[in-house]
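Student: 3D model of this:
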Amino acid sequence: MLARFLRFAYLFQFLTGTLLGTWGAMNLAANWGGWALALVLLGGVGWILVWQALGIGWTMWRARVHGAGWLNAVWGEFVAAVQVFALRQPWVTRNPGLLLPTKPPAPGQAALPVLLVHGFICNHRLWDKVAPALRQAGHPVLAVDLEPLFTSIDDYAPLIEHAGQQLRQQTGAHQVVLVGHSMGGLVLRAWLRTYGANHVARLITLGTPHQGTQTPQWVSTPNGQQMAWHSPWLAQLAASETPAKRQLMRLAYTQHDNVVFPQQAQLLDGAPVTVFQGMGHVQMCLDDSVIRWLLQQARDADQ
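Tutor: Take a look at the predicted model:
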């Protein structure tokens, strides 16, 4: 569903840019000759990149991203957005299901299976760099697709339960490591509220709006309302969690998050936090330092 939506959006942007490029080419054809066709094509591709850049710039400004590392965050988030939203997610045909390790785990380690849960308006291709790293470390990996796109976060809990059962049955493991990016972290906490923690070795969140975000919604959706700053849903979710559940959690956020802000407020009592800098929201899932931290958390969960 998301892939079709993105393909349509980029086709619209490409055609708009192509029309603009054609208009420019018609005015320059007499002097530029063959270069006019290149202008048409560059107009289509360039218009897509312009919209990506404008989107990143606006979210960075709205989130008041500044201080040391902000320029790296702006550029890194732009590159990550092009990779994830333009080159990966639109071209999905099917979910590959369980991905087995490409290497055996290190001696003396069991390497628990890992369930990956993406965030709002994403799909499993978000994890194209994380999943191979986990498999290289010996972990079986399953990345879900959250559909429908615009529904209550609670509605995803049965999907997570089914995926967790599938992962345990196919690997023979009693517990799994859960990883969620952005809204995916809230999906995992909502699942935990409904189904309990018996099969959870560790719950890891990246850039999750645990206290909500002040990002404005142009179109109100049920899951968007639940992620609003200090929403009633978030308060009820937090009230349902015991200290024992919080001890299973490991949180990570970036001080330059352009989607989830205020950044420093995204904490949960009793859950350890790691802070990264110089990267944006989507970039967390492509950054080598974040992936190394994630691998360490998964290794520690095995012990």
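Student: Could you confirm residue 295 falls within a strand?
Tutor: No - applying DSSP: H, G, I helix; E, B strand; the rest coil, one finds residue 295 to be helix, outside a strand.
Student: hang on, it packs against residue 135?
Tutor: No - judged on Cβ atoms under 8 Å, residue 295 makes no contact with residue 135 at a distance of 10.9 Å. C-beta here means a position set from N, CA and C on the backbone, and glycine is covered the same way.
Student: isn't there a helix covering residue 131?
Tutor: Yes - assessed by three-state DSSP, residue 131 belongs to a helix.
Student: That one: how many residues sit nearby?
Tutor: Residues near residue 131, counting by other Cβ atoms under 10 Å, number 20.
Student: Distance check, it against residue 185.
Tutor: 17 Å (Cβ to Cβ, to the nearest Å).
Student: What of residue 290?
Tutor: With Cβ to Cβ as the criterion, residue 290 and residue 185 are 14 Å apart.
Student: Neighbour count for those two, which is higher?
Tutor: The residue with more neighbours, out of residue 290 and residue 185, is residue 185; 28 against 22, by other Cβ under 10 Å.
Student: which element is the more buried one on?
Tutor: Using DSSP states H and E, residue 185 sits in helix 183-195.
Student: buried stuff in that helix?
Tutor: If you call a residue buried by 16 or more other Cβ atoms under 10 Å, then helix 183-195 has these buried ones: 183, 184, 185, 186, 187, 188, 189, 190, 191, 192, 193, 195.
Student: Residues contacting that helix, please?
Tutor: With contacts defined as Cβ atoms under 8 Å, 6 or more residues apart in numbering, helix 183-195 is touched by 116-120, 146, 153-154, 156-157, 160-161, 178, 180, 200, 203, 205-210, 223, 226-227, 234, 237, 240-241, 245, 251.
Student: buried set for the helix or strand just after that helix?
Tutor: Sequence order places strand 200-206 as the next helix or strand after helix 183-195, per DSSP H and E. Neighbour-count burial for strand 200-206, counted by 16+ other Cβ under 10 Å, picks out 200, 201, 202, 203, 204, 205, 206.
Student: Can you list the low-confidence ranges for the stretch 201-303 of the chain?
Tutor: Where the stretch 201-303 of the chain drops to pLDDT under 70, the residues are 218-219, 303.
Student: I'd say residue 100 and residue 135 touch.
Tutor: Yes - the criterion here is Cβ under 8 Å, and residue 100 meets it with residue 135 at 7.3 Å.
Student: mind listing the helices for the stretch 1-150 of the chain?
Tutor: Using DSSP state H, counting those that start in this stretch, the helices of the stretch 1-150 of the chain run over 2-32, 35-62, 70-81, 130-136.
Student: typo on my end, the stretch 151-300 of the chain
Tutor: 157-171, 183-195, 222-226, 232-239, 243-247, 288-302.
Student: Cheers, nothing more for now.
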